[in-house]
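A.B. asks: got a structure for you, letters missing:
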């Protein structure tokens, strides 16, 4: 099993930046693709971004392209989400995921999922 723990969330003003971290522990040698989803109040959980094991393959939701950057450090078993130019509509709980068993945009198909970290962007 692999455990994922997110950190780095918080309150930021519109236009500001935050960097989320996702620390993996346990059987980390089994880690493959990682990614992030988010869920805003009253809305469905949505795909944000994913990254392959080597870091060379990424996919971004249109809503975050050009503002968010995903990366990973396999030596530290940690993934990162750099979020710049934040908007109030980015307010959500952000969830780290790993090892999809199908389409990367399907949250339910990820083998490992974290508990989430709150990001709040004030206007």
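C.D. replies: Structure received. Please read these numbers as outputs of a predicted model, since none were measured by experiment.

A.B. asks: quick one: contacts for the residue nearest the centre of the chain?
C.D. replies: With the centre of the chain defined as its mean C-alpha position, the nearest residue by C-alpha atoms, centre = their mean is residue 36, 2.4 Å away. With C-beta atoms under 8 Å, 6 or more residues apart in numbering as the criterion, the residues that contact residue 36 are 20, 22, 48-50, 70, 81, 94-97. C-beta here means a position set from N, CA and C on the backbone, and glycine is covered the same way.

A.B. asks: Now intersect those with the strands, please.
C.D. replies: Judged by DSSP state E, these include 20, 22, 48-50, 70, 81, 94-97 as members of strands.

A.B. asks: Of these, just say which sits nearest to residue 116.
C.D. replies: Of all the ones in strands among the contacts of residue 36, residue 116 sits closest to residue 95, with 4.7 Å by C-beta to C-beta.

A.B. asks: Against residue 46, how distant is the nearest residue to residue 13 once chain neighbours are set aside?
C.D. replies: Residue nearest to residue 13 in three dimensions, not counting chain neighbours: residue 122, with 5.4 Å by C-beta to C-beta, 6 or more residues apart in numbering. Residue 122 sits at a distance of 21 Å from residue 46 (criterion: C-beta to C-beta, to the nearest Å).

A.B. asks: For those two, indicate the residue with more neighbours.
C.D. replies: Counted by other C-beta atoms under 10 Å, residue 122 and residue 46 do not tie: residue 46 has more neighbours, with 14 against 11.

A.B. asks: from memory the more buried one sits against residue 61, does it?
C.D. replies: Yes. Using C-beta atoms under 8 Å as the test, residue 46 is close enough to residue 61 to be in contact (6.8 Å).

A.B. asks: how about the residue nearest to residue 13, phi and psi?
C.D. replies: Here is the backbone geometry of residue 122 (degrees, to the nearest 10): phi -90, psi 150.

A.B. asks: any idea how far residue 5 lies from residue 22?
C.D. replies: Plainly put, residue 5 is 7 Å away from residue 22 if you go by C-beta to C-beta.
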